[in-house]
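Chemist: heads up, no residue letters with this:
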C-alpha cells in the first residue's frame, strides 16, 4: 500500500531539517521538481521555449517555492512573470523574489492572454482559515485565460491539507506538484477534486516520513494482486472460503441478489444464503435464479469462514432477530462478520463486547451519524470522518465509511482513504455490492494468524478500490446499472492484475 500523510505530519517531518538550517536547500529542491514537472506539462501542450508561465505568489514559503521554480524555468527559456496576491513585494519570500528577478522575471498586474500555465503558489500545507482565491482574482481583474493550464504548488490554495476541506474556494488545478509525500488533502473530499494529476517530488524526507505514526494508506495494484489474485493450483471450494449471507426480505429481495452477485464475481469457493421461512421463498428464488450454485440454508452454516449481515433485512422484528442470531453464530464459530445497511440500525452495545475476530461495519454517512447518535452521542458534533475513526477505536470495530471519498478505520489506528472514481456509484444497491466484495475477500483470512489485522486492513482497502474500479468501468461503458455491476467487478479484477 502507498503511504500518504496529513499536512501536519509532513511539516513535522520537515521541522528538524529546517531547524538545522536546511530550509533554503529544501526550497530549491522542491522548486526544481516543480519546474521540471511544469516543463513536462508545457511539452505536452506543444511548446516550452518562449512559453509564458505566470506565478500567483503569496507571502509564505509556498510563494518562495514558486518564485524559485520560475527562476529555474526562466533559465530554460520560459517567459516568466509573477503577480502578488494580497501581498506587497516586501512581504514575499526575499531570496525567492531576488532569484526570480535575477533570472529576468517581472512582476505583473495582469495575466496575459498568451499565458500557457499559471502556477498557484499562494498558500501551502500550512493554510488555515478561509480564502476565496477565484473571487480575489476576479475582484482584481486577474483573469486566467481559458487555454491556460493551472498547476498547484504543493496543494491548491485554500485546501486544508489535513482533511481536503475547502472552507472558502479554490482554483481547479490540472496538476498538483507536491513535496515530500502525498497529502491526505490531495486525495480526500473537495481537495481531491481540485488536485488534478498528482506528482510527488522527493525532497529527502523518506526516513522521517517512514517514522510517522499513523500515516494514511491508499491501495495500489500490488494490493489488488495480493487480495484478488488467482487461487493456488491445489485450491478447493472450502480452501477458497465459505461466505454465509444473511440478507434480503420479502420487501427487499434484490439486496440479497446484489450481495451474492458481487461475492460470486469477486471469487469465493462456496456461498450459503440464509433464507429461513417465512421470508425464504421470495428471497431464495431470486438469488437462485441469478446464481444457481448458491446453497440455501435456514441458518448460518458451520462451514462459514466469513459472514455478511444486513442488506435488505429491513427494520422489522424479523430482521432484528436474523441479525442477532447470525452474530451469535459468528461469536460461537469465531469468524469475521460484516454488518451493513439494516443490520447497522439494530446493533446493540453487547455485540461490541463479544470476541469475534473482526466486526466490520460499512455505514454510509447517514448510517454513521445514526450509529453515533444512538451509541456515542457525545461525538455528534464531530465531522463524520472523525466519528467513524473514534467509533472504531472506542468500540473495537472496523469501520468502512462510504461516501464520495471512502475511508477504512481499524480499531488499532490503521486507516486508509480512497478518492472517488465516479459519482455514478452514488446509486442505490452499490453498497450491497461492496458488502459482497468485502465479504468474499474476508473468507480466506485466518483469524489465528499473527498477521490477521494487517491482512484484513489490506483486504478491506483493496476491496474498496476494486469496487471503485468496477464503477469507473461501468460509467465508461454507458453508466452504472447496479444489476450488471458484477461483470465490471470481473473486468476490474482482470485490469488490476495485468
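Modeler: Nice, I can see it. Keep in mind the model is a prediction, meaning the values are calculated, not measured. Numbers count the residues shown, from 1 in each chain.
Chemist: The protein - how does it break down into domains?
Modeler: Split into domains by automatic domain parsing, the chain comes to 2-213, 221-497.
Chemist: Show the end-to-end separation of the shortest one, please.
Modeler: I take that to be domain 2-213. Length of domain 2-213, first residue to last, C-alpha to C-alpha, to the nearest Å: 15 Å.
Chemist: want to throw the domains of the chain into JSON lines with mean neighbour count and mean pLDDT?
Modeler: The way it works is simple: take the backbone N, C-alpha and C, and place the C-beta from them, glycine included. Converted to JSON lines, the domains of the chain look like this (neighbours: other C-beta atoms under 10 Å; pLDDT from 0 to 100):
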{"stretch": "domain 2-213", "mean neighbour count": "20", "mean pLDDT": "95"}
{"stretch": "domain 221-497", "mean neighbour count": "20", "mean pLDDT": "91"}
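Chemist: how near is the most centrally placed residue in the chain to residue 428?
Modeler: By C-alpha atoms, centre = their mean, the chain has its centre lying nearest to residue 418, at 1.6 Å. Between residue 418 and residue 428 the distance is 20 Å, computed by C-beta to C-beta, to the nearest Å.
Chemist: And the strands in the stretch 351-498 of the chain, which stretches?
Modeler: 359-361, 398-401, 406-409, 415-418 (DSSP state E, counting those that start in this stretch).
Chemist: which residues does the closest residue to residue 236 other than its chain neighbours contact?
Modeler: Nearest residue to residue 236, sequence neighbours excluded (C-beta to C-beta, 6 or more residues apart in numbering): residue 269, at 7.0 Å. Residue 269 makes contact with 235-242, 443 under the criterion C-beta atoms under 8 Å, 6 or more residues apart in numbering.
Chemist: TSV for these, including distance to residue 261 and secondary structure?
Modeler: Output for those, formatted as TSV (distance: C-beta to C-beta, whole Å; DSSP: H, G, I helix; E, B strand; the rest coil):
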residue	distance to residue 261	secondary structure
235	22	coil
236	23	coil
237	18	coil
238	22	coil
239	23	coil
240	17	coil
241	17	coil
242	17	strand
443	16	coil
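Chemist: I'd like the strands of the stretch 351-498 of the chain as CSV, with distance to residue 8 appended.
Modeler: Converted to CSV, the strands of the stretch 351-498 of the chain look like this (distance: least, C-beta to C-beta, whole Å):
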stretch, distance to residue 8
strand 359-361, 27
strand 398-401, 21
strand 406-409, 18
strand 415-418, 15
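Chemist: do you know which of these lies nearest residue 384?
Modeler: strand 398-401 (7.0 Å; C-beta to C-beta).
Chemist: For that closest one, name the packing helices and strands.
Modeler: Secondary-structure packing of strand 398-401 (3 or more C-beta pairs under 8 Å, 6 or more residues apart in numbering; DSSP states H and E): strand 359-361, helix 365-375, helix 384-395, strand 406-409, helix 452-476.
Chemist: export these to CSV and tack on distance to residue 37?
Modeler: As requested, the helices and strands packed on strand 398-401 are exported to CSV (distance: least, C-beta to C-beta, whole Å):
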stretch, distance to residue 37
strand 359-361, 39
helix 365-375, 35
helix 384-395, 30
strand 406-409, 28
helix 452-476, 25
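Chemist: just so I know, which of the ones you listed lies nearest residue 20?
Modeler: Nearest of those to residue 20, taken as C-beta to C-beta: helix 384-395 at 33.7 Å.
Chemist: tell me the angle that closest one makes with helix 365-375.
Modeler: For helix 384-395 against helix 365-375, the angle by axes from the mean of the first three to the mean of the last three C-alpha atoms, to 10 degrees is 40 degrees.
Chemist: Show residues contacting helix 384-395.
Modeler: 163, 352, 363, 365, 368-369, 371-372, 375-376, 379-380, 382, 397-399, 401, 403, 407, 409-411, 413, 415.
Chemist: How far away from the center of its chain is that helix?
Modeler: In terms of C-alpha atoms, centre = their mean, to the nearest Å, the centre of helix 384-395 is found 17 Å from the chain centre.
Chemist: try stretch 238-249
Modeler: Worked out by C-alpha atoms, centre = their mean, stretch 238-249 lies 27 Å from the chain centre.
Chemist: What is the end-to-end distance of it?
Modeler: For stretch 238-249, the end-to-end distance is 27 Å (C-alpha to C-alpha).
Chemist: How about stretch 234-248?
Modeler: Chord length of stretch 234-248, first to last residue, is 34 Å (C-alpha to C-alpha).
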